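Undergrad: 3D model of this:
(chains A, B, C and D, ligands or ions: 2)
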Amino acid sequence: MSQALYQDRIVALAKSKTGAGTLAAPSAKAVRDNPLCGDRVTMEIRLDEHGRIAELAHKVRGCALCEASASALTARAVGHTTDEVAGLRREIDSVLSGESQGTGDFAAFAPVAQHRSRRDCVTLPFEALRAALGG
Amino acid sequence: MSQALYQDRIVALAKSKTGAGTLAAPSAKAVRDNPLCGDRVTMEIRLDEHGRIAELAHKVRGCALCEASASALTARAVGHTTDEVAGLRREIDSVLSGESQGTGDFAAFAPVAQHRSRRDCVTLPFEALRAALGG
Amino acid sequence: MTSKTFDVGAIRRQFPILSRPINGKTLHYLDNGASAQTPQAVIDAVVAYETTSRANVLRGVHALAEAATELYESARADVGRFLGVTSPDEVIFTGGCTAAINLVAHSYGQRLKAGDEIVVSELEHHSNIVPWYQLAQRVGAKLVGLPVTQDGRIDVGALPKTVTPRTRVIALAHVSNVTGALLDVAPVVAAAKSVGAVVLLDGAQRAPHGPIDLPALGVDFYAFAGHKAYGPNGIGALWGRRALLDDMPPFMGGGSMIGRVSLEEITWAPPPRRFEAGTPPIGPAIGLGAACRWMMALDWSAVGTHEMGLTQRMMDGLAGIKGTRLIGPAGLQGRFPVISFTLEGVHPHDTAQILDSYGVAVRAGHHCAQPLMDRLDLPGTTRASIAPYNDASDVDALLEGVGEALRRFA
Amino acid sequence: MTSKTFDVGAIRRQFPILSRPINGKTLHYLDNGASAQTPQAVIDAVVAYETTSRANVLRGVHALAEAATELYESARADVGRFLGVTSPDEVIFTGGCTAAINLVAHSYGQRLKAGDEIVVSELEHHSNIVPWYQLAQRVGAKLVGLPVTQDGRIDVGALPKTVTPRTRVIALAHVSNVTGALLDVAPVVAAAKSVGAVVLLDGAQRAPHGPIDLPALGVDFYAFAGHKAYGPNGIGALWGRRALLDDMPPFMGGGSMIGRVSLEEITWAPPPRRFEAGTPPIGPAIGLGAACRWMMALDWSAVGTHEMGLTQRMMDGLAGIKGTRLIGPAGLQGRFPVISFTLEGVHPHDTAQILDSYGVAVRAGHHCAQPLMDRLDLPGTTRASIAPYNDASDVDALLEGVGEALRRFA
Ligand SMILES: Cc1ncc(COP(=O)(O)O)c(C=O)c1O
Ligand SMILES: Cc1ncc(COP(=O)(O)O)c(C=O)c1O
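TA: Numbering: from 1, shown residues only, chains lettered A, B, ... in the order given. Ligands and ions are numbered 1, 2, ... in the order given. Predicted coordinates:
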């Protein structure tokens, strides 16, 4: 089961560290913890004049699922509005509950639907981004 | 089992109500409760100049075992000292634990050794008397 | 004792203890109010957990931990369904009904201040008195007693003069463990609402008689015990209204109920975890879930007819024996199958002991309701309490033993 | 893995779960520190209670109530024997180790005043931190941390500068749930005595490794959990020194812990009943008694040799794999078979998940010891914890999985 969970795509996404780092001049920042495992995601964003995410950077102290999620989220969130980011959250939730297969990199998380205890690892970056966006 | 527990001797002792009542001029009085069942024994005594129990009266709000015990104790305690009463307590304890058969009316309580939950019913009057004697 | 939709024999066969002689006698178990018996389905659910899925919950990623967590959380959902609530996150597993009430008294109780009032009734079980007494002592609040009628009901007519603007909590038995009387909940909720108080119902004696519709009752907290509802020992449940739970501080501290921990500062997890410190009673919770499923599978209108038929048989039988006195409501209206009585000249313990010699298990004494005994001026009562698996032979054995007790002692 | 007096195969056959494939794989259960598995003898004891003696305890006179009370009280005596104490009345059944510590923090804690100090260590489990933090908040006391050495031991050398005349309670883990380090108890007791403080040991991780000689340790309170010591969930035990218990107010309120109850005044029963409010976890307590008897029947010098042999095998194996780092004492001296490690470049959760695919159950994360993780500057560790039924194949499967995790992620 875990071999399937950690498909090459997940490992590659985690290793890509897309968006890892910090911003010079963030317009907002948020930190979110998963108290059960101690994982922590710090999310920094800069919004443009239209309220779109111009830049995003994250620091993940977490597992491969959490890192892969942060990478996948970065790739899909930049250039988008708060509402559009909420749509991404709905998409990942439906993937994690097994209701849909997901599009693009989100599809890599489909096997997590079989591992209830790992779902929060995937959603933690989404929580941090929502918080940074003032949700 | 209960038929044996309530031998005729127990029922007769309970009905005899030996010592039931109150004293005109008690030298000491004590009340003891069994919180598990709500039973209550009030014990009044008058000591003579040698520290012997000259008179004893009790009020029992309790079961037949408790009443029988109060009757049996009255019969054996009057005329005796605190030390001698302590000896009666040791005797009843050994009857209730099944170690001895007991002498006189105390022998009626032998079947209680098989009913752990009822032992306190028998010892409650002893506790009240000990308290009245200042123990 | 068979009806169209209800076959007591089929029910009895699900309870292994009922087919074993106890001390060589057929068991007539009428002490259900103290602890009900447990069906094979509950035993099987716990043994299955112990032998196929045993692990700690919430914190592990391995297969057993995942399986245990699923079982534990689905037990929570079962309890929620049994209580008629849609959000299982409002269900907190506790060590028992007593622990559930203590949780509210400690946690919600932190809001209370000197001079505030807590209303309980004179017929409460000690478990719904002592935690409030302790709270009152801690904060300087006042414990106020709602009176009880001569036939053993909470006198809701007295609410207007008992509930005041200082009332913060009203904590009452949904069903009395001594008289079987069912509380008329609506006026209690109305009185509480009028002064901004919360209502806790102690459902220990109600839960064993079928699913509950909490939204219809409109109360704020509901507590019950697993072992009285055909589940294991060491488990109970508290339901609390989400908005209240969210604002309540934790009760006990330990693993799983925290956000971040340092020696300088600790933050709390959201409900229900905030209130489940340490490793929860996993096996017992799984057993309680199974017990709730077992109850939900019964046809409770048929069970109720059966239970109340036996109640009537017992009340009629007792009324026909000179020297008996019924304590509690005279009829079947607004009551559950808990029947207390006294025998003239016979102490309740002696009655229970004689009944034991007939294989009849009942409870005798103050039933952890000393204030009610004081109110009714009784040293105690003998109590028979009925479950779906009881039948007419249980009632008849009791009546036979009662006759013997009177002959022997009175 | 057979020694003269110790046959691991014979032990394994007593644990039904070990012979079942989990997700199609042989189970290598190395998550004993979170929850140990339970032997058939414990399951049988609980099922026997449920099917032959189930009733409420202490308050009933019928045959089942007598039988249940005997079983419950003899379980208390078994726990007392396991702890090496002569008076079973000093043993209190609680809902778990967490509940036991909360009991002391609430009850004994009522003596504490503003400015008093409570000493815990930086390696404590949250269950031995949060209740003291909450107590400190309630009364204005101060929580003081005893430091931890780089190899994961409580630094008893720091006692002189940590313990002050204001210290009232010293609460420490007997064995660390992260590093396996055994506490050197004597200097702690000496330091406490010198200032009139009491010592509580959290024995959750010590109890699963055999009988304890409490009188020799000289502490005042001892807490442990049933489910980690091969017993059921929902049960734990607190031992307290009689003279202390006698003077302590109750924690929770409810049935059985009272003397007399009225709404105006309530008096308390003597210990242990004063601290066991409501219906206790009867079945789980009977199971814990059986678990203590099961442990007492083993030859612990042989078991210890076996467990520590496996510990050495695991430490050696890990040392031979590049990228692993052991967290905790390097040798076998003064430690128990709990082994934490990290893999360079691999998050502990990923390690645990990969191990799961080898059938190896371990725990990963902060192990409810966030202050220790902060102290050691780690996001978490992977922890293997060994029980008597583990064998070399369990260790070897873990080592194989560790290799794969490093290959995959690092
Ligand atoms: C050292 C230690 N103390 C306390 C506890 C708490 O035990 P429980 O969760 O069973 O109450 C644990 C286990 O979780 C532990 O390892
Ligand atoms: C009405 C009522 N409330 C509360 C309780 C306490 O339940 P428990 O002892 O299981 O915690 C009982 C049973 O003893 C009860 O009958």
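Undergrad: surely C:L58 and C:A269 touch.
TA: No - C:L58 is beyond contact range of C:A269, at 10.0 Å (criterion: CB atoms under 8 Å). Glycine gets a C-beta too; all of them are placed from N, C-alpha and C.
Undergrad: need the overlap of contacts for those two.
TA: Counting by CB atoms under 8 Å, 6 or more residues apart in numbering or on different chains, the shared contacts of C:L58 and C:A269 are C:S256.
Undergrad: contact partners of the helix or strand A:A68 falls within?
TA: Element membership of A:A68 [criterion: DSSP states H and E] is helix A:64-77. For helix A:64-77, the external contacting residues (CB under 8 Å, 6+ apart) are A:5-6, A:9-11, A:13-14, A:16-20, A:39, A:41, A:53, A:56, A:58, A:60, A:85, A:88, A:92, A:104-106, A:108-109, A:112, A:118, A:121-126, A:129, D:347, D:349-350, D:409.
Undergrad: and chain C, which of these contact it?
TA: Among those, the residues lying close to chain C (CB under 8 Å from any CB of the partner chain) are A:R118, D:H349.
Undergrad: pull out the buried members of the contacts of helix A:64-77.
TA: A:5-6, A:10-11, A:13-14, A:16, A:18-19, A:39, A:41, A:53, A:56, A:58, A:60, A:85, A:88, A:92, A:105-106, A:108-109, A:112, A:118, A:121-126, A:129, D:347, D:349-350, D:409 (16 or more other CB atoms under 10 Å in any protein chain shown).
Undergrad: show me what contacts A:A128?
TA: Contacts for A:A128 were tallied using CB under 8 Å, 6+ apart; they are A:A30, A:V31, A:R32, A:V41, A:T42, A:M43, A:H58.
Undergrad: again, but for C:T279
TA: Here C:T279 is in contact with C:N56, C:V57, C:G255, C:S256, D:S35, D:G96, D:C97, D:T98, D:A225, D:H227, D:N233 (CB under 8 Å, 6+ apart).
Undergrad: secondary structure, pLDDT and distance to ligand 1 added to those residues, as CSV?
TA: Formatted as CSV, those follow (DSSP: H, G, I helix; E, B strand; the rest coil; pLDDT from 0 to 100; distance: CB to the nearest ligand atom, whole Å):
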residue, secondary structure, pLDDT, distance to ligand 1
C:N56, coil, 96, 7
C:V57, coil, 94, 10
C:G255, coil, 93, 5
C:S256, coil, 91, 8
D:S35, coil, 98, 8
D:G96, coil, 98, 3
D:C97, helix, 98, 4
D:T98, helix, 98, 3
D:A225, strand, 98, 3
D:H227, helix, 98, 6
D:N233, coil, 97, 8
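Undergrad: for those residues, which two are the farthest from each other?
TA: Spanning the widest gap among the contacts of C:T279 are C:V57 and D:C97, at 15.5 Å by CB to CB.
Undergrad: what about those two, which has more around it?
TA: Using other CB atoms under 10 Å in any protein chain shown as the criterion, C:V57 and D:C97 rank with D:C97 on top: 31 against 24.
Undergrad: any idea how far C:M252 is from that one?
TA: Separation of D:C97 from C:M252 (CB to CB, to the nearest Å) stands at 11 Å.
Undergrad: shared neighbours, these two?
TA: In contact with both D:C97 and C:M252: C:G278, using CB under 8 Å, 6+ apart.
Undergrad: who touches whichever residue of chain A sits closest to ligand 2 in this structure?
TA: Nearest residue of chain A to ligand 2 (CB to the nearest ligand atom) works out as A:L36 at 29.2 Å. By CB under 8 Å, 6+ apart, the contact list for A:L36 reads A:D120, C:L58, C:R59, C:S256, D:G365.
Undergrad: also A:R61?
TA: Applying CB under 8 Å, 6+ apart, the residues near A:R61 are A:D39, A:R40, A:V41, D:P379.
Undergrad: and C:G323, what does it touch?
TA: C:L343, C:E344, C:G345, C:V346, C:L406, C:A410.
Undergrad: any weak-confidence spans in the chain?
TA: Here I'm looking at chain A. Applying pLDDT under 70 to chain A flags residues A:1-3.
Undergrad: try chain C instead
TA: Ranges of chain C meeting pLDDT under 70: C:1-4.
Undergrad: what's the helix or strand harbouring C:R383 in contact with?
TA: Secondary structure from DSSP H and E places C:R383 in strand C:381-385. Strand C:381-385 is contacted from outside by C:30-34, C:177-178, C:180, C:205, C:314, C:327, C:337-343, C:348, C:351-352, C:355, C:362-365, C:367, C:373, C:398, using CB under 8 Å, 6+ apart.
Undergrad: secondary structure class for the residue of chain A closest to ligand 2?
TA: Assigned with DSSP: H, G, I helix; E, B strand; the rest coil, A:L36 falls in the coil class.
Undergrad: what's the answer for the one 4 residues further on, then?
TA: Secondary structure state of A:R40, per three-state DSSP, is strand.
Undergrad: what's the nearest residue to it if we skip its chain neighbours?
TA: Take A:R40 and drop its neighbours on the chain: the residue closest to it by CB to CB, 6 or more residues apart in numbering or on different chains is A:R61, 4.6 Å away.
Undergrad: quick check: the one you found vs D:Q150, distance?
TA: From A:R61 to D:Q150 the distance is 21 Å (CB to CB).
Undergrad: dump the contacts of C:G323 to CSV, plus neighbour count, distance to C:V199 and secondary structure.
TA: As requested, those are exported to CSV (neighbours: other CB atoms under 10 Å in any protein chain shown; distance: CB to CB, whole Å; DSSP: H, G, I helix; E, B strand; the rest coil):
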residue, neighbour count, distance to C:V199, secondary structure
C:L343, 24, 37, strand
C:E344, 11, 39, coil
C:G345, 12, 42, coil
C:V346, 22, 39, strand
C:L406, 19, 42, helix
C:A410, 11, 43, coil
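Undergrad: could you pull out the strands for chain A?
TA: Shown for chain A, the strands assigned by DSSP state E span residues A:28-34, A:39-47, A:53-61.
Undergrad: between the ones you listed, which gets nearest to D:T164?
TA: Shortest distance between D:T164 and the strands of chain A, using CB to CB, is found for strand A:28-34: 33.5 Å.
Undergrad: list the contacts of that closest one.
TA: Applying CB under 8 Å, 6+ apart, the external contacts of strand A:28-34 come out as A:39-45, A:47, A:62, A:120-121, A:124, A:127-129, A:131-134, C:259-260.
Undergrad: how about it, which residues are buried there?
TA: A:A28, A:A30, A:R32, A:D33, A:N34.
Undergrad: just stretch C:254-262 next, same as before
TA: C:G254, C:G255, C:S256, C:M257, C:I258, C:G259, C:V261.
Undergrad: next: stretch C:54-70.
TA: Buried residues in stretch C:54-70, counted by 16+ other CB under 10 Å: C:54-69.
Undergrad: how near is the residue of the stretch 101-250 of chain C found nearest chain A to C:R273?
TA: Going by CB to the nearest CB, chain A is nearest to C:P250 of the stretch 101-250 of chain C, at 13.0 Å. In this view, C:P250 and C:R273 are 9 Å apart by CB to CB.
Undergrad: which residues do the two both contact?
TA: Contact criterion CB under 8 Å, 6+ apart; residues shared by C:P250 and C:R273: C:M257.
Undergrad: farthest from the middle of the chain: give me that residue.
TA: I went with chain A, as the question did not name one. Computed with CA atoms, centre = their mean, the residue of chain A farthest from its C-alpha average is A:E49, at 23.7 Å.
Undergrad: switch to chain C, please.
TA: C:E264 (39.9 Å).
Undergrad: that residue should be in a strand, yeah?
TA: No - read with three-state DSSP, C:E264 is coil and lies in no strand.
Undergrad: which bits of chain C sit near ligand 1?
TA: With the criterion set to CB under 6 Å from any ligand atom, chain C comes near ligand 1 through C:G254, C:G255, C:G278, C:T279.
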